[in-house]
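Student: predicted model and sequence below, questions to follow.
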Amino acid sequence: MSAGIKGHTGSRTRSMLFYGGDCFFLMLIGSMGAVVMWQMHEWLAALAAAMIAGMVLAMVIQMSLALAAAPLLGSIESMTPSMVVAMLSPMVVCVCHMAGCELSRRAALTLGLIFGTVMYVLLLFYGKLYRRRLHRFFPTS
């Protein structure tokens with residue numbers, strides 16, 4: 001995720017804004033993907049058509065938002081995690097639909113928000129482990 005910028009006045013504030021922006025971005029991608037898939041299941045009677053149309057639309061939305069956020073959050077930092085969220089959150093809506101659980105729009109939105117938040121926490125955890133390993137092999141002092 002976005003690394004804090006050190007050595008400048010207000011670096012802690014800037015770092016917190018980047019972290020908040022990263023989390024908000026993943027939550028936005030997850031919620032939009034889940035709601036788009038939910039809407040496709042509402043509009044289309046054929047399950048396969050709803051799944052294909054929903055996934056295509058979710059990925060188009062993800063690509064558009066990731067390209068828009070890339071100058072601010074970074075291209076890899078915005079593209080890679082958001083692709084995973086944009087694939088998983090609509091799939092959960094499909095799994096619920098195939099299991100006979102009809103979700104409301106609010107439930108789909110909540111699932112998407114949860115997926116975005118969980119992905120953000122996993123990325124923070126991965127970043128911490130990665131930095132620890134780098135410091136072990138390449139000590140700074």
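Tutor: Thanks, I have the structure now.

Student: for Met27, what are its contacts?
Tutor: Met27 makes contacts with 112-113, 116-117, 120, as judged by C-beta atoms under 8 Å, 6 or more residues apart in numbering. Using the backbone N, CA and C atoms, a C-beta is placed for each residue, glycine as well.

Student: can you pick the most crowded of the residues you listed?
Tutor: In terms of neighbours by other C-beta atoms under 10 Å, the contacts of Met27 top out with Gly112 at 31 neighbours.

Student: quick check, that residue in contact with Met91.
Tutor: No. Taking contacts as C-beta atoms under 8 Å, Gly112 lies outside contact range of Met91: 11.2 Å.

Student: and the residue most central in space within the chain, what does it touch?
Tutor: The centroid of the chain falls nearest to Leu26 when counting by C-alpha atoms, centre = their mean (3.1 Å). Applying C-beta under 8 Å, 6+ apart, we find Leu26 in contact with 81-82, 85, 116-117, 119-120.

Student: let's see 7 Å
Tutor: Contacts for Leu26 (C-beta atoms under 7 Å, 6 or more residues apart in numbering) come out as 81-82, 85, 116, 119-120.

Student: the closest residue to it other than its chain neighbours and Met98: what is the separation?
Tutor: Leaving aside its chain neighbours, Leu26 sits nearest to Gly116 (3.9 Å; criterion: C-beta to C-beta, 6 or more residues apart in numbering). Computed with C-beta to C-beta, to the nearest Å, the distance linking Gly116 and Met98 is 23 Å.

Student: returning to that earlier point: possible to save the contacts of Met27 as CSV with secondary structure, distance to Ser15 and pLDDT?
Tutor: Below are the contacts of Met27 laid out as CSV (DSSP: H, G, I helix; E, B strand; the rest coil; distance: C-beta to C-beta, whole Å; pLDDT from 0 to 100):
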residue, secondary structure, distance to Ser15, pLDDT
Gly112, helix, 26, 95
Leu113, helix, 23, 96
Gly116, helix, 20, 95
Thr117, helix, 19, 96
Tyr120, helix, 15, 94
